[in-house]
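Undergrad: Sequence plus predicted model, see below.
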Amino acid sequence: MATKSFIAEILKTVIFDGTNYASWKRKIGYSLYEEGLNNILIEASPSQPRINAPQAIRDAYVEWEHKNMLPKHNILMSIHYLYASEYEAIKTMGMHDRLEMEFVDPSLMRKTLAMKKYNDLKMAKGEKIADHMHTFRALV
């Protein structure tokens, strides 16, 4: 039960709105990991078995379909309703790939490092104000 409340809290804190993909992806990843479903996003889906396939193969496919629906619902529950209606017809892995293709920012790492440097920026004792301001302007 604690896991379910943990997941609910994560999903309540960040709703994907088209501008916060990195933080949303990190938090949805936490929730999928806690449920043991993070492999759904990286494993290829099995093909649908034929009607005359052995029962074990059909059961495995049904189990995979069920496991696929849980992260799909978590993802749809944690994105803005305008995006949810656009993505709900797509399978989970395809949904994840399409979101990443549309919203990932290739310069995100540079921005993150610049923000870390900015947050850690302090004027050293004895440093000239002009030198400190030059460092600050370079970050900006």
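TA: Arrived safely. Residues are numbered from 1 along each chain as shown.

Undergrad: in this protein, which spans are strands?
TA: Using DSSP state E, no strands are found in the chain.

Undergrad: Kindly report the domain assignment for it.
TA: 2-104, 107-140 (automatic domain parsing).

Undergrad: winner for burial among those?
TA: The highest average neighbour count among those, using mean count of other CB atoms under 10 Å, belongs to domain 2-104 at a mean of 14. In this view, the C-beta of every residue, glycine as well, is placed from N, C-alpha and C.

Undergrad: Off-centre distance for that domain?
TA: Taking CA atoms, centre = their mean, to the nearest Å, one finds domain 2-104 lying 10 Å from the centre of the chain it belongs to.

Undergrad: still on that earlier bit, with mean pLDDT as added columns, please give the domains of the chain in a markdown table.
TA: What follows is the domains of the chain, written out as a markdown table (pLDDT from 0 to 100):
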| stretch | mean pLDDT |
| --- | --- |
| domain 2-104 | 78 |
| domain 107-140 | 75 |
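
Undergrad: Give me the most central residue, this structure.
TA: By CA atoms, centre = their mean, the chain has its centre lying nearest to Lys25, at 1.6 Å.

Undergrad: counting residues per helix, which one in this structure is longest?
TA: Longest helix of the chain, by residue count under DSSP state H: helix 55-77.

Undergrad: Which neighbouring elements make contact with that helix?
TA: On a contact count with 3 or more CB pairs under 8 Å, 6 or more residues apart in numbering; DSSP states H and E, helix 55-77 meets helix 2-13, helix 21-34, helix 81-87, helix 92-103.

Undergrad: out of the ones you listed, which comes closest to Lys111?
TA: Closest approach to Lys111 among the helices and strands packed on helix 55-77 is made by helix 21-34 (9.4 Å; CB to CB).
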